[in-house]
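Novice: got a predicted model here, sequence first, then my questions.
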Amino acid sequence: MEAEPVELLRTAMRVANTLRAHGVRFALAGGCAVYAHGGPAFEHDVDVFVTEADAPVARKALVEAGMRAVDPPEDWLTKVYDGDCLVDLIFRPNGRDVTPESLDRAEMLRVGATTAPVLPATDLLVDKLLVLGDHRCDFTPLLPIARAVREQVRWPEVADRTEGSPYARAFLTLLAALGIADLARPTEEGEHRARPRPR
């Protein structure tokens, strides 16, 4: 059974408060982060970034709080359930390690009745675009997210950090054509120049 958005929000608050009480550094990511930045309500699960060293500590803390651990086949995350709500504790998203430096960039934002560290919108878009690939190339759910957080994103940085992905480049080209993303870069004179088009 898939959890309702209100249940997911309650779980996100419970996870944030539990990890904070145990001194585990984390950042809310995925749909929960989108919601915290003013985007649409999240509908699937609660994504939490932690370092690989802290993942077992985080899982233990959440289990002690009454959640149920599961062992996923993937080697880049671990999972717990809070009732019907799935919580992904992710330490290697898209093949890149979560580091203390990446967690340093998290912003304290309101999440329901609490506050929690949340991935900044730029990092959030980078992670979402790097998921795109041969078997996952649906731009439809990404468009409302990009529209919702557009003014919080450093778009040239997103382009730089995802330039190895042709799928990300295609999506950013679409966003630029729709007037959602400004890929121009400030010059030393304070003017803007367009990002070079990939050959």
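Specialist: Perfect, thanks for sending it. Numbering: from 1, shown residues only.

Novice: what comes into contact with the lengthiest helix in the chain?
Specialist: In the chain, taking DSSP state H as the definition, the longest helix is helix 5-21. If you take Cβ atoms under 8 Å, 6 or more residues apart in numbering as the criterion, helix 5-21 is touched by 3, 26, 28, 32, 35, 41-46, 48, 50, 58, 61-62, 65, 82-85, 87, 111-114, 116. All C-beta spots, glycine's among them, are computed from the backbone N, C-alpha and C.

Novice: where do the helices of the chain begin and end?
Specialist: All helices of the chain, identified by DSSP H, fall at 5-21, 30-36, 55-64, 100-104, 121-130, 142-149, 155-161, 166-177.

Novice: pick the most buried one from those.
Specialist: Stretch with highest mean neighbour count among these: helix 30-36 (a mean of 26; mean count of other Cβ atoms under 10 Å).

Novice: still on that earlier bit, quick one: the longest helix of the chain to helix 55-64, angle?
Specialist: 120 degrees (axes from the mean of the first three to the mean of the last three Cα atoms, to 10 degrees).

Novice: how far does helix 5-21 sit from the chain's center?
Specialist: Helix 5-21 sits 16 Å away from the centroid of its parent chain (Cα atoms, centre = their mean, to the nearest Å).

Novice: and for stretch 64-73?
Specialist: Offset of stretch 64-73 from its chain centre (Cα atoms, centre = their mean): 21 Å.

Novice: endpoints of that stretch, how far apart?
Specialist: Stretch 64-73 has an end-to-end distance of 23 Å (criterion: Cα to Cα, to the nearest Å).

Novice: same thing with stretch 67-75?
Specialist: Note: stretch 67-75 ends 21 Å apart using Cα to Cα.

Novice: count the neighbours of Gly23 for me.
Specialist: 9 (other Cβ atoms under 10 Å).

Novice: backbone torsions only: list them for it.
Specialist: phi 70, psi 20 (degrees, to the nearest 10).
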